[in-house]
Each structure stands twice: as structure tokens, then as C-alpha cells.
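K.L.:
A predicted structure for the sequence below; I have some questions about it.
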Amino acid sequence: MALEAGKGLSSQSSSSRMGFAPLPLRRRKSLGVSNGSRVTMMAADVVDKPKKGSKEIAKDTLLTPRFYTTDFDEMERMFNTEMNKNLNEAEFEALAAEFKTDYNQVHFVRNPEFKAAAEKLQGPLRQIFVEFLERSCTAEFSGFLLYKELGRRLKKTNPVVAEIFTLMSRDEARHAGFLNKGLSDFNLALDLGFLTKARKYTFFKPQFIFYATYLSEKIGYWRYITIYRHLKTNPEYQCYPIFKYFENWCQDENRHGDFFSALLKAQPQFLNDWQAKLWSRFFCLSVYVTMYLNDVQRTAFYEGIGLDTRKFDMHVIIETNKTTARIFPAVLDVENPVFQEKLENLVTLNKKLIAIGESKAPEALKSLQKVPVITSFVTELLAMYLMRPVDSGSLDFVDVEPQVVY
Amino acid sequence: MASALCFVAAAPCAAASCSVESSTTTASTGLRRGLHSARVAAVVQPARSLSCGSSLAGTALQSRVCNKSVRPAGVERGTAAAVVRAVAAERVVEALEPSQTSTDQKTKYYFLVANAKFMLDDEEHFQELMQERLRNFSERNKEQNFWLAIEPKFLDKFPDIAKRLNRPAVALVSTDKVWITFMKLRMDRVLRGEYEADTLKEALASNPVELKFEKPQVWKAPYPKYEGEWWTPFLLKEAEQTAS
């Protein structure tokens, strides 16, 4: 999954992750890095603690990155070729061939530039980069876990689909590993084994995994390519070489998204009724809002690489929405200025919530103070949800009469 | 919240303006036929080569015997002693190896087609995919088997497709059916078909047209639009087109 992708309600855009949720980072060497106070010395083999020298585990918030799990039995039923005649095997076989081609087999090769660049990054920007890398790595790794398990579980009922999941988990592992090596430039490492065991898993029904993961992959593509193209035009902001890899990297994300497109097409009940439209809008809204709130909270990262956070986010939202309109039966009217206005209102309300949370008032009072803010927040969200949507969908699902002009 | 009700969709995005509400009533399998009904089998033209061509196509057996090596990507290669025969008024047929004298094994080409603006200007990811694939093929020494054709002549064989296209049109053509299936999934807003041709040159023959895309009035992306005629490396090279 994408570095930055918002994943469902609770998703986190990677570069934009909540800063107050440190992940278990293991210090490679005890030299040089600030932050010593966050290092805990633990025995490496204690299961419920990160390896020796790791950071404490993150506290979960609504916006923290999640790991996902799903109903694997239902997945098996859905992709059982015997039971499901709608499966477009040609599409799956074509995707399998694409993934087997393995365009990025030799792409993720590091060079000495990394270490040198990391050493130059000092001060607050250094901290932001570490956070960016760890969140990105976690997001990719969460994709790896989910896809790997799906690949394993579907092997018997649908070998082609299973193989695609396995090949996608290959990509995710590669991405996560590359990011983790990036952390080593900062003398840190994520303890992924610990992460696997220690993090809470969020359960989503397959239907919701499809919507959320589709969006996550496609929004990841748009985030990467946007950063890449921006830095190509403005190389003076190219402060860490990982961005140079984004152009090829994000093609993986885009293809992963295509696979979820095919999965959705194979389950037309998730695309063709009014409930599907409502869910589509719901997931679009969740993912866009989560990304926006996350990113606006860490403008330092985006400004650090020369981007205007809000413009960047709106561009990514608009493009992701256009892409999503190729498959979801309904998307949001994100180009309506009212949409961004309301996003901004959410930012203000979110700031208020954070301020209340950080105040020294007694907990009971805090909860009381939060009520009206949360009410306004929900009201704004609902208003955005109810904005007139844009009907959309794949042209493979169009009515028989060929009225569309290509 | 009440205010939400009076928001009118202000500026339909490009995607919205060409999007179509998906049917909520018909089953998808039935629907799928909709677009693909336009998939017309190509008119098989009479074989034009000298020795093998006396019988019409359809003689799969014969084709196999006569011609082992005529593959589209191979056209550029073995032209050591290309023999040319004028057949129709302006058409020539290439034979790769005169000794084999066979061109009646037709190669199947699979295509996606849409208007040029969509294919070459709007869909920037398409350009990225094409370049990625070209890089991949060169890294692995594979012969290119995908091309672009601007205003391809083969469209004449597909009146049902042609009438639904904004012009000028651009086709993505490949001998790799599986890859075209993937590209259809990715591009979605394209029409699909397949045809046969004797040579690559014939397969990609096109009517020359100058393409100019106006700069978008509003460009909000934090990077400049891709510029230049990125599609040039994917067109059949002029040398190949005029090769005779």
C-alpha cells in the first residue's frame, strides 16, 4: 500500500502521520540521534515489547495507521471460481501477468547518496523525515501482511487471485524494506516483527477492504507521483534521495489499485446498487478527510520539500477522485469549492479537539468540552457526505446502448 | 446541514463529464456485452503473397507450414533481401525471407482506441505506463510488441467503433492480448477490438494528422504538465513506414 495512503476512517497518510504516535523504532547505534529519552531498554525476546532499544509503541488514535484483517472465509467464497460465475478470469490473468513482469525488480537499489543526505538533514526536518519514513514503512508493511495472508488463504479456491495477492505482498515488502533501510540512514530501524504482533488489527468486511484498499493504493499513486514530479521541477528541495525512486515505485501502487478495481468488477453487487453508492461516497470521504487532517497537521514536512500542503492535498484528492470515478458507482464533488471550505472547518474543529485534549483541565471537564466540538465535526462531515455526489463507474457496466463518445 | 442540499455541482470535472451512471438494474454480464458488441472481427483480406497466397486465409494449417517467422516485431529485423511486390494500388507487401515466400499467415493485433486528447494528453499515467514498459522491454532485451497509431487506417474496418470516436483518434496496438486486457482495465474509457494484418506496417498504417493539444486553462497541479510529443517512440518509425 502506499506510503501516504489514507486507509479507511482510521487511515493515515504516511508522510503525514500523527507525530505523537511513535512506533517501535530500534536504535541501530547509540550514537548521534537525539530522542534518547524515548528509547526503552528491553530484553529482545520478550514478546510484548519491542526489541532492545526500540521506541515505545504508539498509542492508538483515530488517525493512527492501522493494520487490517478481514473475513478470510468470505473472501474464499467470493473468489471461488465454482461458486462465482462473474469472475472475469481474463482480467485476473492479465493482472497476474503484469505483476509477474515485475517492472521494479531491480529498481530499489540504494546508493551512497542516502547516508550522506541523511547526515545533512539536521534539526526539526530530521525528525520529520524519520517520522515520514517510519509511517511510510508501517503503511507498506501493513499492506504486506494483509496481502500475504490473502495470498495464502485463497491459494486453493482461486490460484490466480491468490498469486496476485502474493505478488503484491512482494511489492509491499520491497517498499517497506527500502523505507526501513532509509531509517538506517538515521541510525534507526523499525522492528517489524514486533509490530506484527503488537499492533491492533482493524477488522473490515471484504467489501470495505476493497473500497478502502482501492482508494489507499490510488491515493498513494497520486501522492508519490505528485511529489516526484514536483521535485523533478524543483530539484533544490530534493533533500533525500528516496523521492527519486517514486516515479517507478508509484506504478506499483497504481497497479495494485487496478487489481482492486478488477476485484470489485468481479463482485458487481458492490458496485451496482444504491447502497454501493452510499458506501463508495463514505469511503471516499473518510480517506480524503483523514489525509487532509493528517497532512495539515504536519505542514512542516511538505513545506520542507517545497510543497504547499493544502494545494498538494487538494490536487491529490481531485485526481484520486477522478481515478476512482472509473470504478466506484459514485464519488464526491470534490471540485466544488464548498468541499474544501468544509475540509477547512474540520481542520479548525480538529485543532480545537487537540487543544482540549492537551489542556490541563480534569478529564471529565475535557469530555464535556469536547461534546459541542464533536457535534460540529460530525455535522460538517455529514454535510460533506450529503453534498450532491457525482455518478460514476466503469464503462464496462454501461447500458447496452452505445451513447458514449470516446 | 440544510445548506448541503442547495449545493449544486458547480464544475463537473473532466472525469465526471464523460462518466456514465452505471446501471443498477441489469446484471453485469449482460452489460459487458454493451461495449464489446463493438468488437468486430476484422475483415480478413485475401492473402496477397505469391506462393502461399493462392488460397484464402483460414487455412491455418497452411499458414503454419508456410510461415514460421513472420512476426510483427520481426519485420524490422530480417530485411536482408526484402522482396517487394506491388499488389493493390498503393499497398506493398513485405516478405521477410524470400525463400519462405509467405505472408499469408496473418498476425493478430489487439487494440484500444479513444480520442487523441484522452490517450495522449489527459491520461498522464498512460504515458508513464508506456515508458515503463518500453524500459522493461529494453532491460530484458524483449522485442517491442506494442505501438501507438494516430488515426489508424484499420478503423475503417470498424464502423461501429469509428462512429463512437472523437477524432483524431489514437489506438494502442499490441500483439499481446493479455497486456491489452490489462490496459483496458486501466484505461476503462476506451474501445477494444482486434484485427489481423500481414505486416506490422499494414497493421499500423495511419493517416497523417498533426496533433496539437491546447494547454489547459486551469492547471492546479504543483508540477508542470508533461510536455513534448512523448508518443513518438511508440509510433512505427518513419524508416519502417517507408521501407519497401
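P.N.:
It's in.

K.L.:
Name the residue of the stretch 251-400 of chain A that lies nearest to chain B.
P.N.:
Nearest residue of the stretch 251-400 of chain A to chain B: A:Gly393, at 3.2 Å (Cβ to the nearest Cβ). Quick note: C-beta positions are derived from backbone N, CA and C, even for glycine.

K.L.:
and that residue, backbone torsions?
P.N.:
Phi and psi for A:Gly393, reported as degrees, to the nearest 10, are phi 140, psi 170.

K.L.:
Contacts only, for A:Leu95.
P.N.:
When the contact criterion is Cβ atoms under 8 Å, 6 or more residues apart in numbering or on different chains, the partners of A:Leu95 are A:164, A:255, A:258-259, A:262, B:182, B:185.

K.L.:
ok, now B:Val190?
P.N.:
Applying Cβ under 8 Å, 6+ apart, the residues contacting B:Val190 are A:406, B:112-114, B:118-119, B:172, B:183-184.

K.L.:
And it, what's its pLDDT?
P.N.:
The score at B:Val190 is 95. That number is its pLDDT.

K.L.:
Same check on A:Asp191?
P.N.:
As predicted, A:Asp191 sits at a pLDDT of 89.

K.L.:
What mean pLDDT does stretch B:236-244 get?
P.N.:
This predicted structure assigns stretch B:236-244 an average pLDDT of 62.

K.L.:
Please identify which helix or strand holds the residue in the stretch 1-150 of chain A positioned nearest to chain B.
P.N.:
Ranked by Cβ to the nearest Cβ, the top residue of the stretch 1-150 of chain A for proximity to chain B is A:Ala94, at 3.8 Å. For A:Ala94, the enclosing helix or strand under DSSP states H and E is helix A:89-101.

K.L.:
what's the following helix or strand after that helix?
P.N.:
For helix A:89-101, the succeeding helix or strand toward the C-terminus, using DSSP H and E, is helix A:113-120.

K.L.:
Of all the residues in that following helix, which ones are buried?
P.N.:
Using 16 or more other Cβ atoms under 10 Å in any protein chain shown as the burial criterion, the residues of helix A:113-120 that qualify are A:114, A:117-118.

K.L.:
for chain B, what spans make up the helices?
P.N.:
Assigned helices in chain B, in chain order: B:14-17, B:28-36, B:60-66, B:116, B:124-139, B:159-162, B:177-187, B:200-204, B:238-242 (criterion: DSSP state H).

K.L.:
The fourth one - contacts with which helices or strands?
P.N.:
Using 3 or more Cβ pairs under 8 Å, 6 or more residues apart in numbering or on different chains; DSSP states H and E as the contact criterion, no helix or strand is in contact with helix B:116.

K.L.:
Extract the C-alpha trace of stretch A:82-92 and format it as PDB.
P.N.:
What follows is stretch A:82-92 as a C-alpha-only set of coordinates in PDB (Å, rounded to 0.1, in the frame of the first residue of the first chain):
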ATOM      1  CA  GLU A  82     -17.000 -22.700  -8.900                       C
ATOM      2  CA  MET A  83     -19.400 -20.600  -6.900                       C
ATOM      3  CA  ASN A  84     -18.900 -17.300  -8.600                       C
ATOM      4  CA  LYS A  85     -19.500 -17.100 -12.300                       C
ATOM      5  CA  ASN A  86     -19.000 -13.400 -12.600                       C
ATOM      6  CA  LEU A  87     -15.300 -13.700 -12.100                       C
ATOM      7  CA  ASN A  88     -13.500 -12.200 -15.100                       C
ATOM      8  CA  GLU A  89     -10.600 -14.600 -15.200                       C
ATOM      9  CA  ALA A  90      -9.200 -12.800 -18.200                       C
ATOM     10  CA  GLU A  91      -8.700  -9.700 -16.200                       C
ATOM     11  CA  PHE A  92      -7.100 -11.500 -13.300                       C
END
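
K.L.:
Other residues contacting that stretch?
P.N.:
A:77-79, A:81, A:158, A:160-161, A:164, A:262, A:265-268, B:28-29, B:181-182, B:185.

K.L.:
tell me the average confidence for it?
P.N.:
pLDDT averaged over stretch A:82-92 gives 85.

K.L.:
Mind giving me the ChimeraX select for the contacts of stretch A:82-92, buried ones only?
P.N.:
Command for ChimeraX that selects the buried part of these, burial taken from 16+ other Cβ under 10 Å:
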select /A:78,79,158,160,161,164,262,265,266,267,268 /B:28,181,182,185
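
K.L.:
Now intersect the contacts of stretch A:82-92 with the helices, please.
P.N.:
Within the contacts of stretch A:82-92, membership in helices is found for A:77-78, A:160-161, A:164, A:262, A:265-266, B:28-29, B:181-182, B:185, as judged by DSSP H.

K.L.:
how about the residues of the stretch 101-250 of chain A near chain B?
P.N.:
A:101, A:103, A:106, A:221, A:225-226, A:229-230, A:232-233, A:247-248 (Cβ under 8 Å from any Cβ of the partner chain).

K.L.:
Buried ones among those?
P.N.:
Judged by neighbour count, with 16+ other Cβ under 10 Å as the criterion, the buried members of those are A:101, A:103, A:221, A:225-226, A:229-230, A:247-248.

K.L.:
Identify the farthest-apart pair in those.
P.N.:
A:Thr101 and A:His230 (28.1 Å; Cβ to Cβ).

K.L.:
Could I get the contacting residues of B:Phe234?
P.N.:
Taking Cβ under 8 Å, 6+ apart as the contact definition, B:Phe234 lies against B:130, B:134, B:146-148.

K.L.:
Need the residues you listed in a markdown table (columns: neighbour count).
P.N.:
Formatted as a markdown table, the entries for the contacts of B:Phe234 read as follows, by neighbours: other Cβ atoms under 10 Å in any protein chain shown:
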| residue | neighbour count |
| --- | --- |
| B:Met130 | 19 |
| B:Leu134 | 14 |
| B:Phe146 | 19 |
| B:Trp147 | 25 |
| B:Leu148 | 23 |
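
K.L.:
Between those, which sits nearest B:Thr199?
P.N.:
Looking at the contacts of B:Phe234 and their distance to B:Thr199, the nearest is B:Trp147, at 12.8 Å (Cβ to Cβ).

K.L.:
Show me where the chain has its strands.
P.N.:
Went with chain A since none was named. Taking DSSP state E as the criterion, chain A carries its strands at A:25-27, A:67-70, A:188-190, A:201-204, A:330-331, A:390-391.

K.L.:
To clarify, I was referring to chain B.
P.N.:
B:83-86, B:92-95, B:107-115, B:146-150, B:169-174, B:191-197.

K.L.:
Nearest to A:Asn272, out of these?
P.N.:
With Cβ to Cβ as the criterion, A:Asn272 lies closest to strand B:191-197 of the strands of chain B, at 21.4 Å.

K.L.:
ok, which stretches of the stretch 251-400 of chain A are helices?
P.N.:
Secondary structure of the stretch 251-400 of chain A, counting by DSSP state H, counting those that start in this stretch: helices at A:274-297, A:299-304, A:309-324, A:337-358, A:363-386.
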